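In: generate coordinates for the sequence data below:
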Amino acid sequence: MSATKPFYIENLEEFKKESITRIKFYFFMAAAISFVLSIYLFFFGDKTNGIFVAIWVPSILSAANLILEGNYNE
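Out: Okay, here's the model as predicted:
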């Protein structure tokens with residue numbers, strides 16, 4: 001007898017992997033948009049606002065790391 005997983009569990013694991021990949025993509029895009037916006041503001045707008053928005057990038061990536069790390073500690 002082979003110990004195979006039921007079909008619904010295999011689909012659930014695949015769904016989890018796809019969901020985590022999608023969440024990583026959204027966080028990365030939010031950080032990238034924040035980075036581009038900060039460069040635009042720094043060079044073409046108010047430098048102080050550009051620096052403020054630039055601080056968002058590590059904050060967004062840190063939040064993503066914190067949220068996604070919680071999924072792996074189940």
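In: contacts, neighbours, all on C-alpha from now
Out: Fine.
In: ok, residue 42 touching residue 52?
Out: No - because the distance of 9.5 Å does not satisfy C-alpha atoms under 8 Å, residue 42 is recorded as not touching residue 52.
In: more neighbours: which of the two?
Out: Residue environment comparison for residue 42 versus residue 52 gives the larger neighbour count to residue 42, 18 against 13, counting by other C-alpha atoms under 10 Å.
In: find the nearest non-adjacent residue to the more buried one, please.
Out: Nearest-residue entry for residue 42: residue 50, 4.3 Å, with adjacent residues in sequence omitted and distances by C-alpha to C-alpha, 6 or more residues apart in numbering.
In: what's around the one you found, how many residues?
Out: Neighbour number of residue 50 under other C-alpha under 10 Å is 21.
In: pLDDT of the one helix or strand it maps to, averaged?
Out: Secondary structure here is read from DSSP states H and E; on that basis residue 50 sits in helix 47-54. In this model, helix 47-54 has a mean pLDDT of 95.
In: tell me the helix or strand right after it.
Out: Criterion used, DSSP H and E; the element after helix 47-54 is helix 56-72.
In: in that following helix, what counts as buried?
Out: 56-57, 60-61, 64 (16 or more other C-alpha atoms under 10 Å).
In: could you point out which of those is nearest to residue 15?
Out: Relative to residue 15, the closest of these is residue 64; by C-alpha to C-alpha it sits at 18.8 Å.
In: contacting residues for the closest one?
Out: Residues near residue 64 by C-alpha atoms under 8 Å, 6 or more residues apart in numbering: 24, 27.
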